[in-house]
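S.K.: quick one, what's the 3D model for this:
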Amino acid sequence: MATQIPKTTYSGAIHEITLGTGDAAVTVGGASAYAFHDFEGERPRKPLIAFDVPDTEPENWPPALKAQYADVWGDPAAWAKKCVEEFGADLIHIDFCGTDPNGADKDVAHAVAVAKAVAAAVTVPIVAWGTSNVEKDTEVLRGVSEALRGRRAGIGPIQDTNYKQIGASVISDGHVAINSTPIDINLAKQLNILTENLGVPVDAVLIDPTTGGLGYGLEYSYTVMERCRQAALTQQDAKLQYPLYCNLGKEIWKVKEAALTVEQAPTMGDPEQRGIVMEAVTATSLLLAGADVLVMRHPEAVKLVREMIETLPAK
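M.R.: Next up is the predicted model:
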């Protein structure tokens with residue numbers, strides 16, 4: 001007697017969301033089954049990888065990363081172009097870390113100039129990412145949103161304390177909102193309801209559930225993402241039927257294990273390989289939870305993750 005594989009019946013599906021315009025546009029989402037459960041349903045769109053591009057010279061990136069970008073260090077436009085042309089970035093994630101009021105506190109004019117320079121350098125879709133400082137992000141992301149009008153960019157993180165202001169810009173400038181909440185399915189659902197009530201179209205929302213790195217909350221992040229996907233697919237929860245955006249690179253390369261030298265940690269192996277593996281394992285785990293967009297930093301980690309992505313059937 002042939003073995004019958006148990007199958008889950010799905011009653012929902014994830015919205016397909018398009019970023020970018022014209023021939024350079026990409027679409028994520030569309031899944032009607034859990035990740036890699038192709039025997040139960042479809043995942044018509046493969047997950048995508050965005051490369052993290054800082055708006056200023058990063059101060060806390062370890063040598064393993066700096067070596068990859070030494071020739072474009074401090075030049076966001078050149079950095080973005082390198083990521084696309086040499087590393088095959090699907091999207092460019094501009095991290096406006098330089099606008100952090102607890103750091104360099106760069107102004108809106110700086111952010112707008114960077115956004116325009118990157119937009120001129122690459123044709124792939126762009127995501128503009130703030131610092132999670134509510135007041136500063138409200139100011140910066142509204143300016144960047146206007147500067148990127150016509151590119152259908154991703155704008156985030158949008159939080160429950162600034163969704164009205166940034167959401168209004170997303171609507172008027174024709175972008176995609178990236179709703180960010182602190183690892184809680186109920187908060188994620190509530191913010192989606194708020195932006196929908198504001199008028200953000202259902203085809204212009206991504207969910208950032210907040211991502212923990214390997215050894216730093218990954219299990220918790222995985223569980224929340226998994227619960228979001230379960231509610232969306234098996235419980236017909238329309239307020240959670242959105243693709244998942246995971247900003248993981250910064251969570252990996254800021255921890256001590258990714259930065260310790262051989263002298264500091266002689267039993268932990270090569271520092272670069274250590275960080276690469278940490279980033280690749282985190283990204284792979286998130287793919288299993290249902291991630292649709294991964295924000296990564298090291299090109300070798302990206303290569304490893306793409307090998308897994310290529311096992312997925314797609315249009």
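
S.K.: and residue 258, helix, strand or coil?
M.R.: In three-state terms, and counting by DSSP: H, G, I helix; E, B strand; the rest coil, residue 258 is helix.

S.K.: residue contacts, it?
M.R.: For residue 258, the contacting residues are 62, 64, 252, 271, 274, 275, 278, 279, taking CB atoms under 8 Å, 6 or more residues apart in numbering as the criterion. For the C-beta atoms, the positions are set from N, CA and C on the backbone; glycine is no exception.

S.K.: in a markdown table: the residues you listed, plus neighbour count and secondary structure.
M.R.: As requested, the contacts of residue 258 are arranged in a markdown table below (neighbours: other CB atoms under 10 Å; DSSP: H, G, I helix; E, B strand; the rest coil):
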| residue | neighbour count | secondary structure |
| --- | --- | --- |
| 62 | 20 | coil |
| 64 | 20 | helix |
| 252 | 29 | helix |
| 271 | 19 | helix |
| 274 | 19 | helix |
| 275 | 25 | helix |
| 278 | 24 | helix |
| 279 | 28 | helix |
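
S.K.: where does confidence bottom out across those?
M.R.: Taking pLDDT as the measure, these have their low point at residue 271 (82).

S.K.: looking at it, that residue is touching residue 63, isn't it?
M.R.: Yes. The pair residue 271 / residue 63 is scored as a contact, 7.5 Å apart, by CB atoms under 8 Å.

S.K.: what pLDDT does the model give the closest residue in space to residue 226 that isn't next to it in sequence?
M.R.: The spatial neighbour of residue 226 that comes closest, neighbours along the chain excluded (CB to CB, 6 or more residues apart in numbering), is residue 289 at 5.0 Å. Among the per-residue scores, residue 289 holds a pLDDT of 96.

S.K.: how about the one 4 residues further on?
M.R.: On pLDDT, residue 293 comes in at 98.

S.K.: residue contacts, it?
M.R.: With contact set as CB under 8 Å, 6+ apart, residue 293 has these partners: 28, 47, 48, 49, 50, 91, 206, 243, 244, 245, 246.

S.K.: let's go with 6 Å and repeat that
M.R.: 28, 48, 50, 245 (CB atoms under 6 Å, 6 or more residues apart in numbering).

S.K.: and what about the last one, helix, strand or coil?
M.R.: The reference is to residue 245. strand.
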